[in-house]
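Colleague: The sequence isn't on hand, but the structure is:
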């Protein structure tokens, strides 16, 4: 059985481990808010309240609570409309919503569940039922978050996967351009990996991927190490110039080259690197442009003998 | 403007009502908010009367709906039941809603006053 191992650098820790879950109650009755405060005392959660639909939507966006208790009958817009808006907004679409209502109409319940609510509590509520349903929704939200997180982790290396890399790099490029901050990308490829597989077998090759992943993710906590595909890795370095990225890559190159492989004392595994710096690229460069530039540099490193680092053309720093 | 049928009746003081005790009479955690809930009853009855007199059906119904949703939660299920009957009547009534539902309104106000009368009997 393969156990999923997650490299515990800053950005791959499972979500919610240290955070008190947040519950947002949206109800236009102060009586209900007071009641919830007392009735949910002692539960491991942080309770927030909104007295109107508008305030509730704003708070949901800002707080990103795990669960929302949503009344159906509200003033400005009803709870169904609030739920629709929550589900249309990427920031709030995954929040577990429990309808609370004094209305007992079955069609209201059906409509709420069809719109994406996870549960329904009738007012006046039994306190044990209220607590149990809130706990159940919190558990469900937590599990969904873990699944979302796992879906972004590469099973073999424990690093962020390609999907996460693409999303994260696009986000970092956008922020670097907006705030005029440096951003570098290091692409790394294990040298002669096919030969390692052929000579020592695929389990050993898998072990090389795992170990290289650990070495790449063991550096600065702000760096985002990802498995790009096969034996290729991408490391996103926010707020990092090409010169600094070159130093990071050189430390990584040396750590891979110097690693002692169990059972193979004479074996030296090496990797080649390509570095690209967004600030030295034409303005308006995209994440794809940055990847292409770093990949081209990596290709040159391979062509020029492997186990070396090249910086993307236009990023005139030199090579190591 | 809609005539308030209740105002034509002799007003009954809280002291005349048989106190209604809630389920959380002895619950120390609930007591502070139960006291607050009961203490606010006269103001809620006033608001109901004011909206009835102004003919503001939506505002009147909103208060009734809130009382229905909260009453049982504070341990006063008869309040929720009386408010629920009034709400159903309001939803089914026509333009003469104030007249059509006055018996249910009367019943809710009586129940609220009985609960309020129980305030003096709550343990300190």
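Modeller: Thanks, I have it. What you are looking at is a predicted structure, and each value in this text was computed from that prediction instead of being measured.
Colleague: quick one: residue A:273 from residue A:208, how far?
Modeller: Summarising the geometry, the distance separating residue A:273 from residue A:208, computed by CB to CB, to the nearest Å, is 16 Å. Using the backbone N, CA and C atoms, a C-beta is placed for each residue, glycine as well.
Colleague: Can you pick out the residue with more neighbours from those two?
Modeller: Between residue A:273 and residue A:208, residue A:273 has the larger neighbour count (other CB atoms under 10 Å in any protein chain shown), namely 29 against 21.
Colleague: Please look at that one and residue A:301 and confirm they touch.
Modeller: Yes - using CB atoms under 8 Å, residue A:273 is in contact with residue A:301, at 6.1 Å.
Colleague: Who are the contact partners of the closest residue to chain B within the stretch 151-300 of chain A?
Modeller: The shortest separation between the stretch 151-300 of chain A and chain B is 39.4 Å, found at residue A:151 (distances taken as CB to the nearest CB). Neighbour list for residue A:151: residue A:163 [criterion: CB atoms under 8 Å, 6 or more residues apart in numbering or on different chains].
Colleague: Give me the common contacts of residue A:273 and residue A:301.
Modeller: When CB under 8 Å, 6+ apart defines a contact, the residues bordering residue A:273 and residue A:301 alike are A:308-310.
Colleague: any idea how far the residue of the stretch 151-300 of chain A closest to chain B lies from residue A:64?
Modeller: Using CB to CB, residue A:151 is found at 19 Å from residue A:64.
Colleague: burial measure for the residue lying closest to residue A:306 once chain neighbours are set aside, as a count.
Modeller: Closest residue to residue A:306 apart from its sequence neighbours, by CB to CB, 6 or more residues apart in numbering or on different chains: residue A:191 at 4.3 Å. Neighbour count of residue A:191, defined by other CB under 10 Å: 20.
Colleague: Residue B:37 now?
Modeller: As a burial measure, residue B:37 scores 27 neighbours (other CB under 10 Å).
Colleague: Name the SS class of it, please.
Modeller: Each residue gets one of three states, and residue B:37 gets helix by DSSP: H, G, I helix; E, B strand; the rest coil.
Colleague: pLDDT score for it?
Modeller: Note on residue B:37: pLDDT of 95.
Colleague: residue contacts, it?
Modeller: Contacts of residue B:37 by CB under 8 Å, 6+ apart are A:31, A:34, B:70, B:74.
Colleague: Buried subset of the residues you listed as a PyMOL selection?
Modeller: Selecting only the buried members of the contacts of residue B:37 in PyMOL, with burial defined as 16 or more other CB atoms under 10 Å in any protein chain shown, works like this:
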select buried, (chain A and resi 31+34) or (chain B and resi 70+74)
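Colleague: from the contacts of residue B:37, which ones fall inside strands?
Modeller: Among the contacts of residue B:37, no member is found in strands (DSSP state E).
Colleague: nearest to residue B:33, of the contacts of residue B:37?
Modeller: residue A:34 (4.8 Å; CB to CB).
Colleague: So that closest one sits against residue B:36, correct?
Modeller: Yes - with contacts defined as CB under 8 Å, residue A:34 counts as touching residue B:36 at a distance of 6.9 Å.
Colleague: contacting residues around the residue in chain B that chain A sits nearest to?
Modeller: Shortest chain B-to-chain A distance, computed as CB to the nearest CB: residue-wise this is residue B:72, at 2.7 Å. Taking CB under 8 Å, 6+ apart as the definition of contact, the neighbours of residue B:72 are A:123-124, B:79-80.
Colleague: Now that we're looking at it, what pLDDT does it have?
Modeller: The per-residue pLDDT reported for residue B:72 equals 92.
Colleague: And for the closest residue to residue A:264 other than its chain neighbours, the neighbour number?
Modeller: What sits nearest to residue A:264 in space, not counting adjacent residues and going by CB to CB, 6+ apart, is residue A:200, at 7.2 Å. For residue A:200, the tally of surrounding residues (other CB under 10 Å) stands at 16.
Colleague: one step back: separation between the residue of chain B closest to chain A and residue A:127?
Modeller: Summarising the geometry, the distance separating residue B:72 from residue A:127, computed by CB to CB, is 11 Å.
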